[in-house]
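Participant: With the sequence up front, the predicted model follows.
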Amino acid sequence: MSTNTPVVLIEKLKAIVGDKYTLTKPSQTLLYRKGVRFGEGDALAVVLPGTLVEQWQVLKACVEADVIVITQSSNTGLTGGSTPDGNDYDRPIVIVSTRRLDGVQVIENGEQVVCLPGSTLFRLEKELKKYQRGPHSVIGSSCIGASVMGGICNNSGGALIQHGPAYTQMAVFAQLDENGELHLVNHLGIELGEDPETILNNLQNHTYTDQDIKRDAGLGHDHNYRDHVRKIDADTPARFNADPELHYEASGSAGRLMVFAVRLDTFPLEGDTAVFYIGTNDTNELDDIRRHILGKFDNLPVSGEYIHRDAFDIAAVYGKHLFLAIQKLGTDTIPRLYAFKNWIDRIASKIPFFPNNFTDRFAVTVCKILPHHLPKSIRDYRDRYQHHLILKMADNGIAEAAAFLQEYFQNRNGSYFCCNPKEAEAAMLHRFATAGAATVYRSVHSKTVEDLVALDIALRRNDKQWFETLPESISQHFIHKLYYGHFFCSVFHQDYIAKKGTDCAKVEEEMLKILDQRGAQYPAEHNVGHLYHANDDLKNFYHQLDPTNSFNPGIGKTSKKKFWQ
């Protein structure tokens, strides 16, 4: 029997991680083969290593067998970037899930961290609170349970204005060269040994001292973004995934390397904070506020989140269960609840008279009979205003914002109020729930909804016409159009719920042409995945990282064939 057959490879994988963590049945692997919103395909196996050394050994076995490797952290991406897409690959696929490889190592007195592949933002945030510090990103518009590694590998953005896209120059990763030779590269700036298994053992077990840590090994975040985002008259977007300035080895690699660890900067927690809730029916007023704050304030906001009334309404119904779950149970429990949800849905799908997506339907039905979850003050603003901005300021920025808003709204269409703690929590949670509401709507109304067209765009910073007006020829295809986003970075998430029978791919192509005419960049922070075309800069970066096209091929609608044929 050939040593490179799929059967032999599976036996090797079982020998490395055990039968329990080598999944081959389609029913077992579906959770890993299918994206949250987009992407699905076959896989020879899904492997869940329990140590970094096992991860390395699995990779070596896959390289020897000449199969495609897709490394997956949490599978919470919205563009299918960590799953197969279709079955037109020229080699079998093995998905290496790093869910068992959670690990956060705090170094440099809390000013930096080393994160292993399975680390989540929740875990990182929790660990750093002990040091009165926070991570690059907190709970935002990405999915529940998002991984630190996924953020770095996709140059993800987030809600925090001052931090910019996720970025580091320090990492440990495996790479295939043009001859198909596998190398482990240690650019973490920490002395861990010479050979791969020693390096990975010492890394996982934190078998290194302060003396082994190099202080000037590279940047742990984008130090230029605070000045960059203030350039309000620039004819370019502030941040977007394909920005070549932030492509560096693991950063932006999107699975084209197998990354074992990243080293990141952390940030001091804010002292006093205040949330201002702003409503208006005039988009020019929000643009005035953005330009004034970025251009003239001494203190940048912590965050500034936009929600349109239609998105507000859909989230109030179809995001209510998520809102209440986080509010009542806390964020730590949410990943476990999602795992339980998936388990229930798998069981329900096997029962003939149960509807598809049973848990979403059940949760929405129950929540409809529960009392209002949003404070009256916020609901009143919903009735009065189409456009909502949730502005969070810290320390000296609080008084600066209060004085400006009081003066600005003396003779304006809109208004504002300073939230009490309950209102501030509700506003932030409602904005977060908005991000998943369209997906739940699609699940509940599958008979009338064809699919979602979900766009993630970065507008030019000097674009005053930031609120979209679609031509009727396109708008007629949609039941709802949901607009929300990170307003001060000019990054918007736009979810369109398409009517049954709509050719979503054709409609999306027409919409992207309009965005091209506006000078927008897309995607802004969810990366190309299998949904968007990679531009030439991104293609060249992927080709440089992965010359044999063996790691996550096909993303950005590039070739799925070996050596990029």
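Facilitator: Nice, I can see it. Numbers count the residues shown, from 1 in each chain.
Participant: On the three-state scheme, His480 is what?
Facilitator: strand (DSSP: H, G, I helix; E, B strand; the rest coil).
Participant: residue contacts, Thr434?
Facilitator: With contact taken as CB atoms under 8 Å, 6 or more residues apart in numbering, Thr434 is in contact with Ser141, Ile307, Ala311, Phe312, Ile314, Ala315, Gly319, Leu482, Tyr484. C-beta coordinates here come from the backbone N, C-alpha and C atoms, glycine included.
Participant: Tell me which of the residues you listed fall in helices.
Facilitator: Under the assignment DSSP state H, the contacts of Thr434 contribute Ala311, Phe312, Ile314, Ala315 to helices.
Participant: Now the two most distant members of those residues.
Facilitator: In terms of CB to CB, the ones in helices among the contacts of Thr434 reach their longest pairwise distance at Phe312 and Ile314, which sit 7.6 Å apart.
Participant: So which of those two has more stuff around it?
Facilitator: Phe312 (25 against 21; other CB atoms under 10 Å).
Participant: Surely the more buried one touches His430?
Facilitator: Yes - in this structure, Phe312 sits in contact with His430. The criterion is CB atoms under 8 Å, and the distance is 7.4 Å.
Participant: So which of the ones in helices among the contacts of Thr434 is the closest to Phe354?
Facilitator: Ile314 (24.8 Å).
Participant: circling back to that earlier point, for the ones in helices among the contacts of Thr434, could you give me a markdown table that also reports pLDDT?
Facilitator: Listed next are those as a markdown table, based on pLDDT from 0 to 100:
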| residue | pLDDT |
| --- | --- |
| Ala311 | 98 |
| Phe312 | 98 |
| Ile314 | 98 |
| Ala315 | 97 |
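Participant: possible to save the residues you listed as JSON lines with distance to Leu9?
Facilitator: Formatted as JSON lines, the entries for those read as follows, by distance: CB to CB, whole Å:
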{"residue": "Ala311", "distance to Leu9": "46"}
{"residue": "Phe312", "distance to Leu9": "50"}
{"residue": "Ile314", "distance to Leu9": "45"}
{"residue": "Ala315", "distance to Leu9": "45"}
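Participant: Okay, now the unreliable bits of this protein?
Facilitator: Residues of the chain meeting the criterion pLDDT under 70: 1-3, 139-144, 332, 335.
Participant: next helix or strand past the helix ranked longest in it?
Facilitator: Secondary structure of the chain read by DSSP H shows that its longest helix is helix 421-444. Elements were assigned by DSSP states H and E; along the chain past helix 421-444, the next helix or strand is strand 449-458.
Participant: Can you tell me which helices and strands that following strand packs against?
Facilitator: In terms of contact count using 3 or more CB pairs under 8 Å, 6 or more residues apart in numbering; DSSP states H and E, strand 449-458 is assigned the packing partners helix 421-444, strand 491-499, helix 504-517.
Participant: mind listing what Ser251 touches?
Facilitator: Neighbour list for Ser251: Ile152, Cys153, Asn155, Ala166, Tyr167, Thr168, Gln169, Ala171 [criterion: CB under 8 Å, 6+ apart].
Participant: hey, what's the last one bridged with?
Facilitator: Under DSSP bridges, the beta-bridge partners of Ala171 are Val262.
Participant: What's the local residue count around it?
Facilitator: Neighbour count for Ala171, taken as other CB under 10 Å: 28.
Participant: Now for Asp216: which residues touch it?
Facilitator: Remark: with contacts taken as CB under 8 Å, 6+ apart, Asp216 is in contact with Gly189.
Participant: ok, back up a step: just the buried residues of the longest helix of the chain, please?
Facilitator: Residues of helix 421-444 classed as buried by neighbour count (16 or more other CB atoms under 10 Å): 423-444.
Participant: Most neighbours out of the contacts of Ser251, which is it?
Facilitator: Each of the contacts of Ser251 was scored for neighbours by other CB under 10 Å, and Cys153 scores highest at 30 neighbours.
Participant: Just say helix, strand or coil for Leu264.
Facilitator: Secondary structure assignment for Leu264 (three-state DSSP): strand.
Participant: doesn't Gly110 make contact with it?
Facilitator: No - counting by CB under 8 Å, Gly110 is not a contact partner of Leu264; they are 11.9 Å apart.
Participant: neighbour-wise, which of those two wins?
Facilitator: In terms of neighbours (other CB under 10 Å), Leu264 is the more surrounded of Leu264 and Gly110; the figures are 23 against 15.
Participant: circling back to that earlier point, can you tell me which of the contacts of Ser251 comes closest to Ile378?
Facilitator: Using CB to CB as the measure, the one of those that approaches Ile378 most closely is Ala166, at 30.2 Å.
Participant: can you pull the contacts of the spatially closest residue to the closest one that is not a sequence neighbour?
Facilitator: In space, Ala166 comes closest to Gly151 once its chain neighbours are excluded; the distance is 4.0 Å by CB to CB, 6 or more residues apart in numbering. Under the criterion of CB under 8 Å, 6+ apart, the contact list for Gly151 reads Leu121, His136, Ser137, Ser142, Gly158, Ala166.
Participant: where's the second one relative to Glu305, distance?
Facilitator: Same thing as His136. Here His136 is placed at a distance of 17 Å from Glu305 (CB to CB, to the nearest Å).
Participant: swap in the last one?
Facilitator: Distance, Ala166 to Glu305, by CB to CB: 18 Å.
Participant: ok, the nearest residue to Gln565 once chain neighbours are set aside - how many residues close by?
Facilitator: In space, and not counting its chain neighbours, Gln565 is closest to Ser559: 6.3 Å by CB to CB, 6+ apart. A count of nearby residues for Ser559, using other CB under 10 Å, gives 15.
Participant: Helix or strand: which one has Ser559?
Facilitator: When elements are defined using DSSP H and E, Ser559 is found to belong to no helix and no strand.
Participant: can you tell me which residues contact Tyr484?
Facilitator: Taking CB under 8 Å, 6+ apart as the criterion, Tyr484 is in contact with Ser141, Glu305, Tyr306, Ile307, His308, Ala311, Arg431, Thr434, Ala435, Phe492, His493.
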